[in-house]
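*Asks:* how does the following fold in three dimensions:
(2 chains)
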Number of protein chains: 2
Amino acid sequence: MKTRLLPLAVVLLPFMAWSAENGPLSAWNASPAKSQILNWVAQSTQQDGPDFIPPDQRYVVFDNDGTLWPEAPLTFQLQFAVDEVNRLAPSHPEWQDNPVVIAAQKHDMAALEKAGQQGLMTLLTLTHSNMPVEEFDQRVDAWLASHRHPRFGCPYNKLGYLPMRQLLDYLRDKGFKTWIISGGGIDFMRRVAGEMYGIPPEQVVGSFSLTEFRLTDDGTQLEKTMKGAFYNDEAQKPVSIHLFMGHRPVAAFGNSDGDVPMLQYTSANKQVKPLGVLIHHTDAQREYAYDAHPSASGKLINGLSLAPHYGWVVVNMKSDWNQVFDPAQCSYHPAK
Amino acid sequence: MKTRLLPLAVVLLPFMAWSAENGPLSAWNASPAKSQILNWVAQSTQQDGPDFIPPDQRYVVFDNDGTLWPEAPLTFQLQFAVDEVNRLAPSHPEWQDNPVVIAAQKHDMAALEKAGQQGLMTLLTLTHSNMPVEEFDQRVDAWLASHRHPRFGCPYNKLGYLPMRQLLDYLRDKGFKTWIISGGGIDFMRRVAGEMYGIPPEQVVGSFSLTEFRLTDDGTQLEKTMKGAFYNDEAQKPVSIHLFMGHRPVAAFGNSDGDVPMLQYTSANKQVKPLGVLIHHTDAQREYAYDAHPSASGKLINGLSLAPHYGWVVVNMKSDWNQVFDPAQCSYHPAK
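*Replies:* Now for the predicted structure:
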């Protein structure tokens, strides 16, 4: 019997290889990082295994900017704010002496960066407040429909990383609840997360400020304000996870030092064997390589140095991913 | 054939009645309120009907205090805070001149009420902050295990209204996602909502303040503080619904004027035919009757006067519910 089985395996081998390549994580190369993630999922979902995680505890959290889509040359939301300032400035003569507006009009990113947190708040106040939530949604939709990423030539909402979108699908298929815990604005991200990532609004958490409720002639209105602003980065990420999700995650995926507290919070989950993953931007050809530069946003210095201690998986975008974006979503231009 | 069918129906009738009584909403009497709710669910879930609501829009919100469990003589969380002050005061001599502590020790509810919002914040500061979230959870659990409602003689977490618990189950069975949007504290309610109502932590929204994250020798800690306090009542309820849930509800259930903005927000949902329901506390024998008294917490004056305009269903607890509590959960003492 053995002699008949061996040739059968040989015959099947090419199909098995084909199957792996087109499997649930086909955009991931066979690599230690992929194996570590797959092994963790297998162990967490093996009913009788020592590391089984009951379905009602399977909450996993993902950063967005730099983890699920690019954050360069600007975070996409900052690009939206800059584009909005330029669109709106002609009808707001009162803005004309505002240095942040001038910087945005000149696309002077150095000046914008120099304006710091205060400058960012000004930009957000001009573009993310003093309007009903529905109008903000429409503005985001219009921007997405009319703007393309300067380097890749694609609409911003077609630039989700294919390997991560596959991973989200795979985890949900295995009974995990996928959440975004991002520094990005909550209303902005919710506009794209459903279609891009299959994540509903209530599982998207980000920086936020409060709305104001009022009655109107034909119903009600929620007006966006800058009150109660909460900047969801660094040590605020575990805070927002507790506030919104109310569970300690069993896995966390990030890409920058701003994600380190979220990964530490996850790795300190003593109920389970948790997983921490860092996406390392190493691919200047297909995307960007910028992690080690201390002044860049999205820097990853503490994270890499802490990874061995916590056992975090470090994904090397250049060698671990055979695709970065999804060619079915957009014919992007990879050239730098 | 007809002559044989008629007697069969007669034979079946008692069983049909039995079936209705023990059906999904057996604690509800046959009444216009019950019919209105059931009709709305039937129409919303009828695939080809004009009022069909797609499953991904079926978000329904419930107030908690007075809607899912009693809020008298004090809200249960306020009773917890008073009991905690009394438990902790002996080891806090520095509290001894605090008028709020003195009022709590004397069970002087008039003095507590007089201390107003500031007094409430003092009480919450002493009992709901300056401890890790896990310790707060343990304190709530210990209180639930050791205290009983002064009138009904039952543990507080056995006092969910049976008709509402049945309604939650029924709505979930029909594909609705059930959320709590309450003035109660988010961490306090999350301790009971899973077992009592089948609602997971991330679908329980309440008043909150922020935690603080820090690293510890053996992991991480989230410490409860009073910073960023958000009181989730009145016009803040639509605000928190937008922030946490990110959908406009298709149905809202409340019992007091503090729920009116949430019901108005829901009733202004133009995508669907929405449902608004007010639980009217009319049963002094089995529970309480207090809605019309303008000074009582949980008063329902604006709500009742607005109900006809918005088409809200008003549930009369006395006549519409044949059970208030679940005798299987606790042998409660109904006598006032």
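*Asks:* grab the nearest non-local neighbour of the spatially most central residue of chain A.
*Replies:* What sits nearest the mean C-alpha location of chain A, by C-alpha atoms, centre = their mean, is A:Asn64, with 1.4 Å. Distance criterion C-beta to C-beta, 6 or more residues apart in numbering or on different chains; nearest residue to A:Asn64, sequence neighbours excluded, is A:Ser182 at 3.7 Å. Heads up, the C-betas are built off the backbone N, CA and C, glycines and all.
*Asks:* repeat for A:Gln43
*Replies:* With sequence-adjacent residues excluded and distances taken as C-beta to C-beta, 6+ apart, A:Gln43 is closest to A:Asp51, at 4.2 Å.
*Asks:* show me the contacts for the closest residue to chain B within the stretch 1-150 of chain A.
*Replies:* Going by C-beta to the nearest C-beta, chain B is nearest to A:Val133 of the stretch 1-150 of chain A, at 6.4 Å. For A:Val133, the contact set (C-beta atoms under 8 Å, 6 or more residues apart in numbering or on different chains) comprises A:187, A:211, A:222-224, B:242.
*Asks:* quick one: which of the residues you listed has the most company?
*Replies:* In terms of neighbours by other C-beta atoms under 10 Å in any protein chain shown, the contacts of A:Val133 top out with A:Thr211 at 26 neighbours.
*Asks:* so that one sits against A:Met226, correct?
*Replies:* No. Checked against C-beta atoms under 8 Å, the pair A:Thr211 and A:Met226 is beyond contact range at 10.7 Å.
*Asks:* can you get me a residue count around A:Lys299?
*Replies:* So A:Lys299, with other C-beta under 10 Å, has 19 neighbours.
*Asks:* hang on, it is in a strand, isn't it?
*Replies:* No. Read with DSSP: H, G, I helix; E, B strand; the rest coil, A:Lys299 is coil and lies in no strand.
*Asks:* and for the closest residue to A:Met164 other than its chain neighbours, the neighbour number?
*Replies:* Distances taken as C-beta to C-beta, 6+ apart place A:Leu68 nearest to A:Met164, at 5.1 Å, with adjacent residues excluded. A count of nearby residues for A:Leu68, using other C-beta under 10 Å, gives 27.
*Asks:* contacts only, for A:Leu68.
*Replies:* A:62, A:160-161, A:164-165, A:168, A:180, A:196-197.
*Asks:* in strands only, show me those residues.
*Replies:* Mapping the contacts of A:Leu68 onto strands (DSSP state E) picks out A:62, A:180.
*Asks:* A:Pro163 contacts A:Leu25, correct?
*Replies:* Yes. The pair A:Pro163 and A:Leu25 passes the contact test of C-beta under 8 Å, sitting 7.0 Å apart.
*Asks:* looking at these two, which is more packed in?
*Replies:* A:Pro163 (24 against 19).
*Asks:* please tell me how far the more buried one sits from chain B.
*Replies:* Using C-beta to the nearest C-beta, to the nearest Å, one gets 26 Å for the distance from A:Pro163 to chain B.
*Asks:* which one is that residue nearest to, not counting chain neighbours?
*Replies:* Nearest residue to A:Pro163, sequence neighbours excluded (C-beta to C-beta, 6+ apart): A:Ala27, at 4.2 Å.
*Asks:* what number of residues lie near the one you found?
*Replies:* There are 20 residues near A:Ala27, going by other C-beta under 10 Å.
*Asks:* of all the residues in the stretch 101-250 of chain A, which ones are close to chain B?
*Replies:* Listed as neighbours of chain B in the stretch 101-250 of chain A under the rule C-beta under 8 Å from any C-beta of the partner chain: A:133, A:186, A:190, A:200-204, A:208, A:210-215, A:218-220, A:222, A:228, A:230, A:235-236, A:238-239, A:242-247.
*Asks:* among the residues you listed, which ones are buried?
*Replies:* A:133, A:186, A:190, A:200-204, A:208, A:210-211, A:213, A:220, A:222, A:230, A:235-236, A:238-239, A:242-247 (16 or more other C-beta atoms under 10 Å in any protein chain shown).
*Asks:* among those residues, which are in helices?
*Replies:* If you go by DSSP state H, those have A:133, A:186, A:190, A:236, A:238-239 in helices.
*Asks:* farthest pair in those?
*Replies:* Using C-beta to C-beta, the pair of these lying farthest apart is A:Val133 and A:Pro238, separated by 26.9 Å.
*Asks:* thought A:Lys174 was touching A:Val41?
*Replies:* Yes. Counting by C-beta under 8 Å, A:Val41 is a contact partner of A:Lys174 at 5.6 Å.
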